[in-house]
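Participant: Sequence first, then the predicted structure:
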Amino acid sequence: MPKRKTQFANNEIYHIIIRSVGDTPIFIDEDDHFRGIFSLYEFNNSNKITIWNRRRDRKRFKNKIRKIGVRSESSPFLDGRDIISLDKRDVFVEILAFVIMPNHIHLIVRQLSTDGISRFMQKFGGLAWYFNNKYSRKGHLFCTYRSIHIENNEQLRNVFIYVHCNAISLIEPGWKKNGIKNPKKVIEFLRNYRWSSYLDYIGIDNFRSVSQRDFLLEFLGGLRECMDMIDNWVKYKSKKGNFDFEGIDLE
């Protein structure tokens, strides 16, 4: 991933967007999404990556999901520990929230060590090997990532909503300008969209080892409050129309 000169401060929170070169869709099938989830965890580590063992674990995880089928709140096979052994890691950042979209990724992160975000992004750029090999492409996979420093509580609350609602565009393109037409359908969709941290924030085990949620859960008031906040915002958006994402939107 191309380098950037932004200086990030330890213990501060940032909204990061990682976008593919030319907005080319890269997360196309289930395997691509699993690889993205897996890489968010694995590359957030200053220690040497034992990728071959991880690849074996990831394969077992996917096979287990395909064998059992439908996810439910009580299904243990979606515990992130099935895909990732909880080893000792020296992490660069806390991943507070994330969403994977077809051509980009949104992250809310808190930097833990000097240059942690930059080092994490450089390591995460190694994901290009997988996609270049699979889709017979060459060169960089991602553009230079972009960031916004989260400076106050209102901005943090809004970016939490924005990141987890980003997937709405998959079923209602243009919703940011035109509003949400079918809030009931959107709410149900978000509660079943697997490729984000939202399910873990509302008490459904999905990829819980990838994100660190204690801070935001306390800040937002708990699992039920997170769900109600998203639900109420979607309903508001369906009536209000355009929403001001100033200071948040990195599209």
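Facilitator: Everything's here; your move.
Participant: Mind telling me what element H106 is part of?
Facilitator: In this structure, H106 is located in strand 104-111 according to DSSP states H and E.
Participant: What are the contacting residues of that strand?
Facilitator: Here strand 104-111 makes contact (CB atoms under 8 Å, 6 or more residues apart in numbering) with 8-20, 23, 36, 40, 92-99, 117, 120, 150, 159-160, 162-163, 166, 215-216, 250. C-betas here are computed from N, CA, C, even on glycine.
Participant: again, only using 6 Å
Facilitator: Outside strand 104-111, the residues that touch it by CB atoms under 6 Å, 6 or more residues apart in numbering are 8, 10, 13-19, 93-99, 117, 163, 166.
Participant: Now, of those, which are buried?
Facilitator: Among these, those classed as buried by neighbour count (16 or more other CB atoms under 10 Å) are 8, 13-19, 93-99, 117, 163, 166.
Participant: Buried residues in the strand or helix carrying K185, which are they?
Facilitator: Remark: K185 resides in helix 183-190, with elements defined by DSSP H and E. Using 16+ other CB under 10 Å as the test for burial, helix 183-190 gives P183, V186, I187, F189, L190.
Participant: Can you name the next helix or strand after it?
Facilitator: Past helix 183-190, the next helix or strand by DSSP H and E is helix 198-201.
Participant: Now do the same for whatever helix or strand comes next after that next one: mean pLDDT, whole number.
Facilitator: Using DSSP H and E, the helix or strand that follows helix 198-201 towards the C-terminus is helix 214-220. Mean pLDDT, computed over helix 214-220, is 97.
Participant: Could you check how far helix 214-220 is from the centre of its chain?
Facilitator: 17 Å (CA atoms, centre = their mean, to the nearest Å).
Participant: now do stretch 40-49
Facilitator: Distance of stretch 40-49 from the chain centroid (CA atoms, centre = their mean) equals 16 Å.
Participant: Can you give me the buried ones in that stretch?
Facilitator: By neighbour count on 16+ other CB under 10 Å, the buried set for stretch 40-49 is L40, Y41, E42, F43, N44, N45.
Participant: Quickly find the element holding the second one.
Facilitator: For Y41, the element it lies in under DSSP H and E is helix 30-42.
Participant: which intervals of the stretch 151-251 of the chain have sub-threshold pLDDT?
Facilitator: Scanning the stretch 151-251 of the chain for pLDDT under 70 picks out the ranges 239-251.
Participant: Which parts of the protein are helices?
Facilitator: For the chain, applying DSSP state H gives helices covering 30-42, 51-68, 116-124, 128-135, 153-165, 175-178, 183-190, 198-201, 214-220, 223-240.
Participant: JSON lines for the ones you listed, including distance to L107?
Facilitator: As requested, the helices of the chain are exported to JSON lines (distance: least, CB to CB, whole Å):
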{"stretch": "helix 30-42", "distance to L107": "8"}
{"stretch": "helix 51-68", "distance to L107": "20"}
{"stretch": "helix 116-124", "distance to L107": "9"}
{"stretch": "helix 128-135", "distance to L107": "17"}
{"stretch": "helix 153-165", "distance to L107": "8"}
{"stretch": "helix 175-178", "distance to L107": "19"}
{"stretch": "helix 183-190", "distance to L107": "18"}
{"stretch": "helix 198-201", "distance to L107": "14"}
{"stretch": "helix 214-220", "distance to L107": "13"}
{"stretch": "helix 223-240", "distance to L107": "17"}
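Participant: That'll do, ta.
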